[in-house]
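**Q** model the structure of this input:
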Amino acid sequence: MQRAEKDGFDAVIISCFDDPFLYLSREISQKIVVTAPGEASMHLAAMLGNQFSVIVGRDKWIPQMKENVHRYGLESKLASFRSLGMGVLEFHQDEEETVRRMKREIRSAIETDRAEVIILGCSMQFGFYEELQEEFQVPVIDSMVASLKHTEYLLQVREQTGWCFSRRGLYERPPEQEM
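**A** This is a model prediction of the structure:
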């Protein structure tokens, strides 16, 4: 984070849906915008429909993601998590199989869990959303696209209004000597 800021970057996107170190990164930053796919996708989904479901790779990822849903204050918007039984490196090995599994879980999320918006809950699920959205006729959020758009928006807001992460409370920056 400090290196990116020193090198003149305007923003950093943490490329993992679990949003690791998101709050800590914002805390140690000075002016740089820091975003992550989970937060960006969930807030967008909460605006696009009443309830969203997250399509994840493995069951083991769900507890951390549930903690983030709680942290972001979106429990009432979560319809479900649905697991594909796939690891990060498998999503693009056999894309036909990946899409088949995604379609099965998305159908269940919509029909059984009453989801109105679907989030592809791994940054490695990039590139699939258009086909799935066309078939199911609900917003299907690609978390990498969502985090990029969220970052662009926050940069524009900062530029036009001066609004940035508050340094009072959660994102209070520690003194240099502590870092």
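
**Q** every contact and neighbour count from this point should use C-alpha atoms.
**A** OK.

**Q** so where's the protein uncertain?
**A** Of all residues in the chain, none has pLDDT under 70.

**Q** would you map the helices across this protein?
**A** Along the chain, counting by DSSP state H, helices occupy 2-6, 22-28, 37-48, 62-71, 95-111, 129-136, 143-161.

**Q** which of those helices is buried the deepest?
**A** Greatest average neighbour count among the helices of the chain goes to helix 37-48 (a mean of 22), per mean count of other C-alpha atoms under 10 Å.

**Q** CA-only coordinates of that one, as PDB, when you get a sec.
**A** Taking C-alpha atoms only, helix 37-48 is exported to PDB below (Å, rounded to 0.1, in the frame of the first residue of the first chain):
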ATOM      1  CA  PRO A  37     -14.400  -6.900  -4.900                       C
ATOM      2  CA  GLY A  38     -16.500  -8.200  -2.100                       C
ATOM      3  CA  GLU A  39     -17.400  -4.900  -0.600                       C
ATOM      4  CA  ALA A  40     -18.000  -3.300  -4.000                       C
ATOM      5  CA  SER A  41     -20.100  -6.200  -5.300                       C
ATOM      6  CA  MET A  42     -22.300  -6.500  -2.200                       C
ATOM      7  CA  HIS A  43     -23.100  -2.900  -2.000                       C
ATOM      8  CA  LEU A  44     -23.900  -2.700  -5.700                       C
ATOM      9  CA  ALA A  45     -26.100  -5.800  -5.400                       C
ATOM     10  CA  ALA A  46     -28.000  -4.400  -2.500                       C
ATOM     11  CA  MET A  47     -28.900  -1.400  -4.600                       C
ATOM     12  CA  LEU A  48     -29.800  -3.400  -7.700                       C
END
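
**Q** next, format the helices of the chain as TSV and append distance to G85.
**A** Below are these laid out as TSV (distance: least, C-alpha to C-alpha, whole Å):
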stretch	distance to G85
helix 2-6	35
helix 22-28	26
helix 37-48	19
helix 62-71	12
helix 95-111	9
helix 129-136	18
helix 143-161	19
